[in-house]
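J.: All I have is the shape, not the residue letters:
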């Protein structure tokens, strides 16, 4: 019972956290702020967006609102929440390990205490070692997704030209190449 109680409490807290809707509310706040900001741009500011992505500048805002905000919430904010949760779990384990000897008159379990302290340190070392490679792969994946989105947008924008001159096969080949590049990038991460 004593061993199961902390796990049960953490499980109930996890279930409650899902019902709070933190992820959805965070994403909604970011998306709304981006659209509000974009709508407040003047003609000159919106015109400067055209230089960011050549002919398909109009795909930047949808990409930011739909994909980038989701990625930011999932990989940024929710990761921080996950780290805080993990630190809370470690503190709960340490409190439990230190309280058992006081409450039940048992000896301190030094091995469990050592494992509880060393494991996060080893995970931090692994994180530091992989950080640069992971960041590079994630940025590459983002670039490939943006290229794929721009490719789809260009195909839709150029539909009349493509079909009028019978260039469907070229458009399909370009799209297929972008999909392959994105999928290859995804398998690396």
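T.: Nice, thanks for sending it over. Note that the structure is a prediction, hence the values are computed from the model and not measured.
J.: Return the helix or strand in this protein with minimum mean pLDDT.
T.: helix 43-49 (a mean of 72; mean pLDDT, DSSP states H and E).
J.: So which bits of the helix or strand containing residue 84 are buried?
T.: Taking DSSP states H and E as the definition, residue 84 sits inside helix 78-104. Neighbour-count burial for helix 78-104 flags 93, 96, 97, 100 (criterion: 16 or more other Cβ atoms under 10 Å). Just so you know, the C-beta spots here come from the backbone N, C-alpha and C atoms, and that holds for glycine as well.
J.: same question for that helix, mean pLDDT?
T.: Helix 78-104 carries an average pLDDT of 88.
J.: so where's the longest helix in this structure?
T.: Identified as the longest helix of the chain according to DSSP state H is helix 110-157.
J.: per-domain residue ranges of the chain.
T.: As assigned by automatic domain parsing, the chain contains the domains 1-108, 110-189.
J.: can you count the residues close to residue 73?
T.: The burial count assigned to residue 73 is 22, neighbours taken as other Cβ atoms under 10 Å.
J.: can you tell me which residues contact the most centrally placed residue in the chain?
T.: The residue lying closest to the centre of the chain (Cα atoms, centre = their mean) is residue 75, at 2.7 Å. Shown in contact with residue 75 (Cβ atoms under 8 Å, 6 or more residues apart in numbering): residue 138.
J.: Could you rerun that using 6 Å?
T.: By Cβ atoms under 6 Å, 6 or more residues apart in numbering, the contact list for residue 75 is empty.
J.: For the chain, give me the ranges with low pLDDT.
T.: 1-2, 46, 49-59, 189 (pLDDT under 70).
J.: name the helices or strands packed onto the longest helix of the chain?
T.: On a contact count with 3 or more Cβ pairs under 6 Å, 6 or more residues apart in numbering; DSSP states H and E, helix 110-157 meets helix 78-104, helix 168-188.
J.: burial count for the residue lying closest to residue 90 once chain neighbours are set aside?
T.: Excluding its sequence neighbours, the residue lying closest to residue 90 (Cβ to Cβ, 6 or more residues apart in numbering) is residue 120, at 6.1 Å. Counted with other Cβ under 10 Å, the neighbours of residue 120 add up to 13.
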